[in-house]
Every structure is written in C-alpha cells, then in structure tokens.
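Participant: coords below, sequence missing:
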C-alpha cells in the first residue's frame with residue numbers, strides 16, 4: 001500500500017475534525033495574507049509617485065499654505081516643464097458626515113496634462129458649446145472645463161455614491177466654510193491600480209475665487225524635463241524661499257507619498273506582529289489536532305510496526321497528515337484572500353487605495369502553511385515513530 005493512501009485514509013477517519021482544522025488554517029491564512037496586503041498596498045502607493053515629478057509644500061506641514069506668487073517663481077526654474085496646483089478641500093457630505101472621500105481643487109488646465117499617464121477619462125457630459133482646450137488635454141473634458149462648478153470623479157466613487165453625469169452634489173466646507181455645489185461632468189479611471197479612484201477633482205479657481213484664501217495655494221506639483229535633475233531642482237527651489245516667512249520643502253512625488261505612509265506610524269510592524277500572533281494560534285490548533293489523532297491510533301501504529309513499517313515511515317506518515325491539512329488550508333486561504341480583496345476592490349472605506357495582494361505575499365502564506373504543518377506534526381510524528389511495539393499493542397482491543 002502506498003504511503004499517500006494511508007495518509008488519505010487517516011485524514012478521512014474523523015472527517016469533521018479534519019475539515020474544521022483545514023478551515024481554521026484557511027481563515028488564519030486569509031487574515032494573514034490580508035494583513036500582508038495592507039503592507040503591499042502601502043508600498044505600492046509609494047511606487048505610484050513619479051520620479052519625474054516633484055512636490056513642493058510648506059516646510060512646516062502641507063496644512064499650511066504657500067503664497068500664490070511662488071508658482072510663477074517655481075515655473076521659471078530651469079528644468080521645470082510644467083507646474084500644477086492642488087489644494088486639499090476636506091468637505092463633508094451634509095447628509096452623512098462619516099461618508100468620507102478625498103476632494104482636491106486642481107488647476108485643470110495643467111493637472112490632467114501632468115497626470116495623463118496615471119488616469120484616463122472614461123465618461124463625460126457633452127459640451128454645450130465650443131470650448132478652447134489646451135492641445136494636450138482630453139477633449140472629453142470640454143464640459144468640465146467650461147463650467148466653474150464642474151468636477152471630475154473617480155469611477156469607483158461614482159458607483160459607490162450612485163451618482164449620474166450632470167448631477168449636482170453639495171458639500172459642506174470645513175476648511176473653507178459654506179455650502180459648495182459641484183456638478184459632475186466627467187469620470188476618470190486609474191491607469192495605475194494603486195492610484196486612488198475615489199477622489200473628486202474640481203477647479204482650483206472655484207476654490208480660489210470663493211474662499212478667503214485668495215492669495216495662497218496648497219501644493220505645487222512640478223513636472224521635470226529629466227528625472228536626473230530632481231535633486232538639484234529640489235535644492236534650488238527650496239533655496240529660493242529660505243529667508244521667507246513661508247519656507248518650502250521639495251521632494252520627489254514618491255518620497256512625498258512615502259511621508260504619508262510614515263504618518264501612520266510603524267504600521268508594517270504592527271501588522272506583522274498581529275500576523276505572527278495569528279500564525280502561532282493556528283499552530284497550537286494544528287498541533288493539538290495531530291496529537292489527538294496520533295493518540296487515537298496508538299494501537300494501529302503498533303500493528304503497522306509489527307507488519308514491518310519502519311520508524312522513519314511512521315514518522316513521514318504522521319508528518320504528511322499535518323502538512324496536507326495545513327498546506328491545503330493555507331493555499332486555499334492565501335488564494336481566497338487575493339481573489340476576494342482584489343475582486344471586490346476593498347480599500348478600507350477610502351483609507352487606502354484599492355488593495356492588492358502580491359503573489360509574493362501568497363507564496364509567503366503558502367510557505368508559512370508548510371512550516372505550520374512541519375512544526376505541528378513534528379512532535380506527534382516523532383513520538384509515534386519512537387513508540388515500542390509492546391507498549392502500543394497493549395491498547396489494541
């Protein structure tokens with residue numbers, strides 16, 4: 001009889017226990033890989049940032065504004081192809097203040113040109129009249145460009161909110177008090193998966209002209225001619241404002257994204273600790289299952305040894321049982337985690353970009369499952385292999 005046949009028979013001996021143990025490993029690995037997916041997503045969000053773009057903010061914090069005159073001065077720096085403006089709005093849904101999504105006032109004429117490789121317009125309202133459009137701007141944005149209260153929203157946000165093109169949606173300002181109506185004129189879809197598709201982008205001029213911050217702006221994004229000039233241009237821009245009341249900090253967009261992740265604290269460490277705790281807990285469950293299985297079959301092990309089965313064969317037999325349960329459950333959990341997270345586009349309520357789970361994380365989950373099987377089955381397998389025939393046959397009824 002082949003060894004695998006004996007393993008399979010033993011696994012079917014107590015089907016309920018085998019299935020429950022497999023499911024517990026599956027759930028544990030699903031959680032383990034999901035936590036790893038948060039780390040993958042944070043890392044991927046950093047990679048979204050381009051090395052050909054620089055971000056300039058107030059050196060104290062991005063919460064503090066910059067004088068509007070800075071834009072023209074930065075545009076004049078050699079090596080800077082284009083400068084666009086972004087302002088965090090921070091409005092709230094008056095009907096549901098917990099319904100959070102990001103809103104940015106952007107300089108539409110330059111923003112959609114600078115980010116043309118990151119997003120695409122997939123749907124838009126038709127323009128009511130001819131509009132003079134910049135040559136590098138998508139013609140679908142004509143209706144948006146012609147209306148100051150127009151906005152562009154992410155495809156996922158559009159579906160989540162149940163909006164329609166041409167619908168007017170009002171936000172209650174927090175940083176900028178008052179009621180702010182916006183008319184949805186276009187829908188964008190990320191070309192890069194980690195790019196946030198739950199944002200509202202509207203005209204920075206609308207914000208500029210209807211708020212008390214008319215001489216200030218939030219974030220400057222610099223498009224560079226050559227990425228190898230990033231370090232030199234960063235130093236030059238910051239040096240221009242060294243002695244001003246609003247000094248600046250300029251860094252690559254990728255570094256800027258990384259700073260957002262660092263604001264969350266040592267999240268990767270916390271997630272790894274939680275993941276290891278889950279692994280340890282399920283290790284105890286699997287080990288207990290294998291100990292019970294071997295104890296129930298002590299007499300049978302004696303019979304197998306009497307028939308000529310060597311200690312090494314008994315050891316492999318018991319170890320294989322643990323490996324099949326844990327590896328099978330682990331693979332199922334790891335693959336289910338990747339499928340469910342990415343298929344549903346889960347983003348932790350907008351706190352993260354659409355989550356991803358890399359295949360490397362799935363592979364780590366499978367490896368951890370195999371390790372669980374080896375560790376949980378080692379001691380019972382060793383004990384079973386060391387049993388003496390006389391002692392085991394005493395338990396045969």
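Facilitator: Here it is on my side, so go on. Small disclaimer: the values here were computed from a predicted structure and weren't measured. Numbers count the residues shown, from 1 in each chain.
Participant: give me the low-pLDDT residue ranges for the stretch 201-350 of the chain?
Facilitator: Using pLDDT under 70 as the threshold, the predicted model of the stretch 201-350 of the chain has low-confidence ranges 212-215, 257-268, 291-308, 311, 345-350.
Participant: all helices for it, in order.
Facilitator: Secondary structure of the stretch 201-350 of the chain, counting by DSSP state H, counting those that start in this stretch: helices at 204-209, 230-240, 253-262, 267-296, 298-306, 311-344.
Participant: Any chance of those in a markdown table with distance to residue 371 as columns?
Facilitator: In short, each C-beta sits where N, CA and C put it, glycine included. As requested, those are arranged in a markdown table below (distance: least, C-beta to C-beta, whole Å):
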| stretch | distance to residue 371 |
| --- | --- |
| helix 204-209 | 53 |
| helix 230-240 | 42 |
| helix 253-262 | 29 |
| helix 267-296 | 8 |
| helix 298-306 | 25 |
| helix 311-344 | 8 |
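Participant: Name the residue closest to the centre of the chain, please.
Facilitator: Closest to where the C-alpha atoms of the chain average out (C-alpha atoms, centre = their mean) is residue 41, at 2.6 Å.
Participant: And for that one, nearest residue in space, chain neighbours not counted?
Facilitator: When the adjacent residues along the chain are set aside, residue 41 lies closest to residue 355, with 4.7 Å between them (C-beta to C-beta, 6 or more residues apart in numbering).
Participant: Residue for residue, what is the longest strand this protein has?
Facilitator: Among the elements of the chain assigned as strand by DSSP state E, the one spanning the most residues is strand 178-190.
Participant: Check which residues of it are buried.
Facilitator: Along strand 178-190, these residues count as buried under the neighbour rule (16 or more other C-beta atoms under 10 Å): 180, 182-188, 190.
Participant: My guess is the residue nearest to residue 41 contacts residue 36. True?
Facilitator: No: look at residue 355 against residue 36 with C-beta atoms under 8 Å: they stay out of range, at 10.5 Å.
Participant: The residue nearest to the centre of the chain: helix or strand, and which one exactly?
Facilitator: Residue 41 is part of helix 15-48, with elements assigned from DSSP states H and E.
Participant: Show me what that helix is packed up against.
Facilitator: For helix 15-48, the helices and strands in contact under the criterion 3 or more C-beta pairs under 8 Å, 6 or more residues apart in numbering; DSSP states H and E are helix 253-262, helix 267-296, helix 311-344, helix 359-386.
Participant: just how off-centre is it within its chain?
Facilitator: In this view, helix 15-48 has its centroid 14 Å away from the chain centroid, taken as C-alpha atoms, centre = their mean, to the nearest Å.
Participant: and after that helix, which helix or strand comes next?
Facilitator: Secondary structure here is assigned by DSSP H and E; on that basis, the next helix or strand after helix 15-48 toward the C-terminus is strand 53-58.
Participant: and that next one, which strands flank it?
Facilitator: Strands that pair with strand 53-58, judged by DSSP bridges, come out as strand 219-224 (antiparallel), strand 248-252 (antiparallel).
Participant: Where does the record place the domain boundaries for this structure?
Facilitator: Following automatic domain parsing, one finds the domains of the chain at 3-46+265-393, 60-246.
Participant: Quick check: which of those is nearest to residue 255?
Facilitator: The stretch from these with the least distance to residue 255 (C-beta to C-beta) is domain 3-46+265-393; that distance is 8.5 Å.
Participant: Surely residue 126 and residue 141 touch.
Facilitator: No: the criterion here is C-beta under 8 Å, and residue 126 misses it with residue 141 at 11.7 Å.
Participant: If you count surrounding residues, which of the two has more?
Facilitator: residue 141 (24 against 10; other C-beta atoms under 10 Å).
Participant: for the more buried one, phi and psi?
Facilitator: Geometry field for residue 141 lists phi and psi as phi -90, psi 10, criterion degrees, to the nearest 10.
Participant: how far away is it from residue 71?
Facilitator: When distance is defined by C-beta to C-beta, to the nearest Å, residue 141 is 21 Å away from residue 71.
Participant: again with residue 191
Facilitator: Relative to residue 71, residue 191 is positioned 27 Å away (criterion: C-beta to C-beta).
Participant: The closest residue to residue 174 other than its chain neighbours: how many residues sit nearby?
Facilitator: If you skip the residues right next to it in sequence, residue 174 has residue 90 as its closest partner in space, 4.9 Å away by C-beta to C-beta, 6+ apart. Taking other C-beta under 10 Å as the criterion, the count of residues near residue 90 is 14.
Participant: With residue 197 instead?
Facilitator: Residue 197 has 23 neighbours, counted by other C-beta under 10 Å.
Participant: Hmm, it is touching residue 188, no?
Facilitator: Yes: with contact taken as C-beta under 8 Å, residue 197 and residue 188 are classed as touching, separated by 7.5 Å.
Participant: what about residue 85, which SS state?
Facilitator: At residue 85, secondary structure determined by DSSP: H, G, I helix; E, B strand; the rest coil is strand.
Participant: Can you tell me the element residue 160 falls in?
Facilitator: With the criterion set as DSSP H and E, the secondary-structure element containing residue 160 is helix 155-161.
Participant: Relative to the whole chain's centre, how far out is that helix?
Facilitator: From the chain centre to the centre of helix 155-161 is a distance of 18 Å (C-alpha atoms, centre = their mean).
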